[in-house]
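**Student:** Quick one: sequence and predicted model below, then my questions.
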Amino acid sequence: MKRILTLPILFCLLNFSCGNVNSSNQNTSVDTSKNNDKNDEYLTKYSGGYTVELDNVSSNNSAEVYILKNDGTAKWMYIKNDGNGGAEIDSEKLGEWKATETNITITCEGNSGPITEDFKLKDGRFYDTLTGERYLKLKK
């Protein structure tokens, strides 16, 4: 199945959001001074816009997206079909992320406190460590 959210619209949202991760008036406390050189290497390597996918499941009505910038800041968005062939951001949260060669950890501020998701590299994909079914798919 193909997503109703067209790729050009999703790419526009990703590109727009990448440039505006820190422009929201939401409070986020990202201390990038804690990053060491090795972490910086993987922040650069793995930075980009990702959708969260499920093995063998396709969604026509929504997409979960992470924008991971190479400065360690992150943005999570839930994007849904607007019913008119376009997309709208239903929810978004700011946070931070860190990476190693085989792990990506993302922490965003949730409605009741920080939410941390860990993804581990397996078979060329970063799968979440909680269920092992969700994975990050880089959008180029």
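**Tutor:** Nice, thanks for sending it over. Numbers count the residues shown, from 1 in each chain.
**Student:** the bottom helix or strand of the protein by mean pLDDT?
**Tutor:** helix 7-18 (a mean of 42; mean pLDDT, DSSP states H and E).
**Student:** Got phi/psi on the residue lying farthest from the centre of the chain?
**Tutor:** Here the chain reaches farthest from its C-alpha mean at Asn84, the gap being 24.7 Å by Cα atoms, centre = their mean. Asn84 has phi and psi values of phi -120, psi 20 when expressed as degrees, to the nearest 10.
**Student:** Would you mind measuring from it to Ser58?
**Tutor:** 21 Å (Cβ to Cβ, to the nearest Å). Placement of C-beta: from N, CA and C, glycine included.
**Student:** Which helix or strand lies directly C-terminal to the least confident helix or strand of the chain?
**Tutor:** Next along the chain after helix 7-18, taking DSSP states H and E as the criterion, comes helix 37-46.
**Student:** Give me the helices and strands touching that next one, please.
**Tutor:** In terms of contacts (3 or more Cβ pairs under 8 Å, 6 or more residues apart in numbering; DSSP states H and E), helix 37-46 is packed against strand 87-99.
**Student:** how far off helix 37-46 does the strand it packs on point, in degrees?
**Tutor:** Angle of strand 87-99 versus helix 37-46, following axes from the mean of the first three to the mean of the last three Cα atoms, to 10 degrees, is 150 degrees.
**Student:** partners of strand 87-99, with directions?
**Tutor:** Strand 87-99 has its sheet partners listed here by DSSP bridges as strand 73-81 (antiparallel), strand 103-110 (antiparallel).
**Student:** residues of stretch 93-101 that come out buried?
**Tutor:** With burial defined by 16 or more other Cβ atoms under 10 Å, the residues of stretch 93-101 counted as buried are 93-99.
**Student:** now the residues you listed as a markdown table including distance to Asp123 and pLDDT?
**Tutor:** What follows is those, written out as a markdown table (distance: Cβ to Cβ, whole Å; pLDDT from 0 to 100):
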| residue | distance to Asp123 | pLDDT |
| --- | --- | --- |
| Lys93 | 28 | 96 |
| Leu94 | 30 | 97 |
| Gly95 | 27 | 98 |
| Glu96 | 27 | 98 |
| Trp97 | 21 | 98 |
| Lys98 | 22 | 97 |
| Ala99 | 18 | 97 |
